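Peer 1: Sharing a model prediction with you, sequence too.
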2 protein chains.
Amino acid sequence: MKACIVAVGSEMLTPFRVDTNSLVITERLNAVGYDVRLKAVAADHVEELARVIEGAMGWADLIVITGGLGPTEDDITRDAVARVLDVPLDVDEAIVTGIQERFARRGMTMPENNRRQAMVPRGATVLENRNGSAPGLWLERGATSLVLLPGPPREMTPMLDAVIHDRLAVRSRGSGLFRRVLKLTGRTESDVDARAQPVYSKWTTEQVPIATTILAVSGQIELHLTADAPDCQSGEAALDAAVRQLEAILGDVIYSTEGRPLEAVVGDLLRERKLTVALAESCSGGLLASRLTDIPGSSDYVERGVVCYSNRAKVELAGVPEAMIAEHGAVSEPVARALAQGIRERSRTDVGIGVTGIAGPGGGTPQKPVGLVCVGVAVEDDVWVRTFQFVGGRELVKYQSATAALNMLRLLLLKGPR
Amino acid sequence: MKACIVAVGSEMLTPFRVDTNSLVITERLNAVGYDVRLKAVAADHVEELARVIEGAMGWADLIVITGGLGPTEDDITRDAVARVLDVPLDVDEAIVTGIQERFARRGMTMPENNRRQAMVPRGATVLENRNGSAPGLWLERGATSLVLLPGPPREMTPMLDAVIHDRLAVRSRGSGLFRRVLKLTGRTESDVDARAQPVYSKWTTEQVPIATTILAVSGQIELHLTADAPDCQSGEAALDAAVRQLEAILGDVIYSTEGRPLEAVVGDLLRERKLTVALAESCSGGLLASRLTDIPGSSDYVERGVVCYSNRAKVELAGVPEAMIAEHGAVSEPVARALAQGIRERSRTDVGIGVTGIAGPGGGTPQKPVGLVCVGVAVEDDVWVRTFQFVGGRELVKYQSATAALNMLRLLLLKGPR
């Protein structure tokens, strides 16, 4: 079955924005057997969008349109679809009431222009939006189904999942593309590929063929496995076997075989072992704490963090001796060790992590260049300290610092202290 | 003048890849007066690509097609264009010789399939590729010009620049699209639009017309202004006047007229006033510190931060009285105030910020639902405390909490204490 994805919004036709919704949509559609044959980004212009939709109606089994469902004059997706299908737009009073209630819950009155969001092309089914005011719409015409979803990913994704569950999965009779995402850190992309390629290259000709893509994202590596299988069971079985082969050659470099974020994997390990953690961050600037606390329930194990950006803060908050900073410099293994031990002792947690480095773009020297980062992880009385040399801009150095610290903690918790 | 950009390649229709060439192309085309009205990504399939090109021929002054010019069977752009224009493909012996020479310089013999790259739709002008074997092509049919460029950016970009210099800039005689991005926070999208729409709707018919797009991103609002002007000077002048009109009606809700991030704007204010800041974050979990320290040079004003996730940490790190937490709860205005004042005093900084709230998804009660956040900002002996009710998931509540705190600090610094 062939699908077309259309993102609506003039702002996505500027040099500043890419459409990333379509990646999530593609992944989900592939899983229920839809092949995405065309993606388009259209301007906020009724006739132009109508032309794109009309073109796709000629060949697509499914057209997914995101964006243009807001309350302003710019939001023209409803109008364009109504024009293509040659149906009127009716006001759906149930939607108006729902939006009014949303505003009321926040102690506000619904502005009049939000009524636009209750306009529905006649014959459409309304799709509930639990995370925003714009409802989605489902329409069918001839062999083509149209799904209209709001643009913000946190609204779009759950609505898409509901449509796939309720309406699209049944059409695929189980066959489809099944995927697995392995996440790795601590090795380069070419090193991982050199090891994995002899294994995964054989999978393309097996009974259930698996295609493998390797990609590097912010210093982490992902292996995406896609099995083309006649049913879910054989697809998942082939993927399970493939993952076991990769685990055998890559070992604990793989931190998730389910595409989970590193901070969630580490959080699970802390929770299982009933351990608490405290952080003393310099160059990562709070990003390590922020990533750990992105995980629901992280208050069970994140006791506290300090961002000791100044030397004074390092001394006062983590007890790093001033003389040590003077002797070795703030970016040094002794200071990383002292940060980890100091914050652990003062917080009376099981684990302490210290991160100190040069995030750049300024502050580098020939001896200590931008991207040099020292990380200490203290578990009980044992401290593991490592020095890294990262490449990339300020935000990427911060991100890689936090990743390295999380990964050191993961390895320590998996293996016990070195 | 209207342009369409088509990227060709089935690999860009997977969940793993986005087309970024189109951003560079859009920037270059805008500068010479082309408005990109549609972007598409098409599969490696002659008929499907032909259908996309045919659709755009009906309205576009310019169609830029990237990719699909390689030597393999997959590379079908030449075939699709020849089909749409109904012309034969001829072998260009000069191209064959050029490719043979490229291979010879590397001590290699040209593989036979590279002859495909010398196939030229009759009537096309060949565009030299100094960085690869695939030449580009330029064709005209009726009112539409077509430019075919290779996919790899380091080949594509210099060829595009040459086309713009040699063929497109002369058409524009200095005219082009000029842009400005305004960023706002503290109001809803519909509220901002209700105020701004009567102003910006008039701009579309002025001598230098300005198109306006409004969009909401993670609880912040952006207004994108695009002026279509005969020259840079009149474009910038029209945008300056437009920005002044919006400033007059929206006031200090606008935090940047140059598309800058809020943390950079606040950082500039702190630096100008030679102020230092310390943070005591609970629900934002370090994200406020991380956003502030994303800005190069932020070590000049970020003295420290604490992530006091546990109540014990609130007491120990920011001196919040235990009795206050027991009486009012950790998420309360008194605690937000105490966090701001406490961290300011202990850090001996000019500014202290306290953030406490319920990020969710758990932990909410009828009295204190998920998304309830109290922020305190202490500047000298004055403390400003506000309570917010955010909507959205955990990460969005964290983000909006940090944004609200940054914005309160910005307003305080602009106006002095309330």
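Peer 2: All right, it came through fine.

Peer 1: For chain A, just list every one of the helices.
Peer 2: Using DSSP state H, the helices of chain A run over residues A:21-31, A:46-57, A:77-85, A:93-105, A:153-163, A:189-200, A:232-250, A:262-272, A:287-292, A:311-318, A:322-328, A:333-347, A:394-415.

Peer 1: Ranking helices and strands of chain A by mean pLDDT, which lands last?
Peer 2: strand A:210-217 (a mean of 78; mean pLDDT, DSSP states H and E).

Peer 1: Describe which strands it pairs with in its sheet and in which direction.
Peer 2: Counting by DSSP bridges, the strands paired with strand A:210-217 are strand A:220-229 (antiparallel).

Peer 1: Next, give phi and psi for the single nearest residue of the stretch 101-250 of chain A relative to chain B.
Peer 2: Proximity of the stretch 101-250 of chain A to chain B (C-beta to the nearest C-beta) peaks at A:P111, 4.5 Å away. Quick note: C-beta positions are derived from backbone N, CA and C, even for glycine. Backbone torsions of A:P111, given as degrees, to the nearest 10, read phi -60, psi 150.

Peer 1: Isn't it up against B:Q197?
Peer 2: No - if you go by C-beta atoms under 8 Å, A:P111 and B:Q197 don't touch, sitting 11.2 Å apart.

Peer 1: So A:A378 sits against A:V351, correct?
Peer 2: Yes - with contact defined as C-beta under 8 Å, A:A378 and A:V351 form a contacting pair (6.7 Å).

Peer 1: Touching both of these two, which residues are there?
Peer 2: Common contacts of A:A378 and A:V351, defined by C-beta atoms under 8 Å, 6 or more residues apart in numbering or on different chains, comprise A:R344.

Peer 1: quick one, which of the two is more surrounded?
Peer 2: Neighbours per residue, other C-beta atoms under 10 Å in any protein chain shown: of A:A378 and A:V351, the larger number sits with A:A378, 29 against 25.

Peer 1: Pull up the gap between the more buried one and A:D300, please.
Peer 2: Separation of A:A378 from A:D300 (C-beta to C-beta, to the nearest Å) stands at 20 Å.

Peer 1: again, but for A:G9
Peer 2: Separation of A:G9 from A:D300 (C-beta to C-beta): 40 Å.

Peer 1: need the contact list for the residue nearest the centre of chain A.
Peer 2: Per C-alpha atoms, centre = their mean, the C-alpha nearest to the average position across chain A is that of A:P261, at 7.9 Å. Residues in contact with A:P261 (C-beta under 8 Å, 6+ apart) are A:183, A:291, A:294-295.

Peer 1: one more time with 10 Å
Peer 2: Residues near A:P261 by C-beta atoms under 10 Å, 6 or more residues apart in numbering or on different chains: A:183, A:220, A:255, A:267, A:291, A:294-295, A:406.

Peer 1: thought A:T66 was touching A:L49?
Peer 2: No - counting by C-beta atoms under 10 Å, A:T66 does not reach A:L49; the two are 11.9 Å apart.

Peer 1: what touches both of those two?
Peer 2: With C-beta under 10 Å, 6+ apart as the test, A:T66 and A:L49 both reach A:6, A:8, A:77.

Peer 1: May I see the contacts of A:P261 arranged in JSON lines, with neighbour count and pLDDT as well?
Peer 2: Shown next, in JSON lines, are the contacts of A:P261 (neighbours: other C-beta atoms under 10 Å in any protein chain shown; pLDDT from 0 to 100):
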{"residue": "A:K183", "neighbour count": "20", "pLDDT": "95"}
{"residue": "A:Q220", "neighbour count": "19", "pLDDT": "85"}
{"residue": "A:Y255", "neighbour count": "23", "pLDDT": "97"}
{"residue": "A:G267", "neighbour count": "25", "pLDDT": "98"}
{"residue": "A:R291", "neighbour count": "26", "pLDDT": "97"}
{"residue": "A:D294", "neighbour count": "20", "pLDDT": "96"}
{"residue": "A:I295", "neighbour count": "23", "pLDDT": "97"}
{"residue": "A:L406", "neighbour count": "24", "pLDDT": "98"}
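
Peer 1: Which of these sits closest to A:M57?
Peer 2: In terms of C-beta to C-beta, no member of these lies closer to A:M57 than A:K183, at 39.0 Å.

Peer 1: For that closest one, which non-adjacent residue is spatially closest?
Peer 2: If the residues on either side of it in the chain are set aside, A:K183 comes closest to A:S256, at 4.5 Å by C-beta to C-beta, 6 or more residues apart in numbering or on different chains.

Peer 1: Give me the pLDDT value at the residue located most distally from the centre of chain A.
Peer 2: Going by C-alpha atoms, centre = their mean, the residue of chain A most distant from its centre is A:A323, 42.3 Å out. pLDDT for A:A323: 97.

Peer 1: And it, how close does it get to chain B?
Peer 2: Between A:A323 and chain B the computed distance is 20 Å (C-beta to the nearest C-beta, to the nearest Å).

Peer 1: Distance-wise, check that residue relative to A:R195.
Peer 2: According to C-beta to C-beta, A:A323 and A:R195 sit 45 Å apart.

Peer 1: likewise A:P88?
Peer 2: A:P88 is 61 Å from A:R195, where distance means C-beta to C-beta.

Peer 1: quick one: which of the two has more around it?
Peer 2: More crowded of A:P88 and A:R195, by other C-beta under 10 Å: A:R195, with 15 against 10.

Peer 1: give me every residue that touches the more buried one.
Peer 2: A:187, A:246, A:249-251, A:253.

Peer 1: Quick check: of those, which has the highest neighbour count?
Peer 2: Most surrounded of those: other C-beta under 10 Å gives A:L246, at 23 neighbours.

Peer 1: Could you list the domains of chain A?
Peer 2: A:2-172, A:176-256, A:262-415 (automatic domain parsing).

Peer 1: For the ones you listed, give me CSV that also has distance to B:C374.
Peer 2: Output for the domains of chain A, formatted as CSV (distance: least, C-beta to C-beta, whole Å):
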stretch, distance to B:C374
domain A:2-172, 16
domain A:176-256, 33
domain A:262-415, 17
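
Peer 1: which of those is buried the deepest?
Peer 2: The highest average neighbour count among the domains of chain A, using mean count of other C-beta atoms under 10 Å in any protein chain shown, belongs to domain A:262-415 at a mean of 21.

Peer 1: remind me which residues of the stretch 301-418 of chain A are low pLDDT?
Peer 2: For the stretch 301-418 of chain A, applying pLDDT under 70 flags the ranges A:416-418.

Peer 1: for chain B, what are the nearby residues on it?
Peer 2: Residues of the stretch 301-418 of chain A lying close to chain B (C-beta under 10 Å from any C-beta of the partner chain) are A:301-310, A:312-314, A:316-317, A:346-349, A:359-363, A:393-395, A:398-399, A:402.

Peer 1: That's all I had, so thanks and see you.
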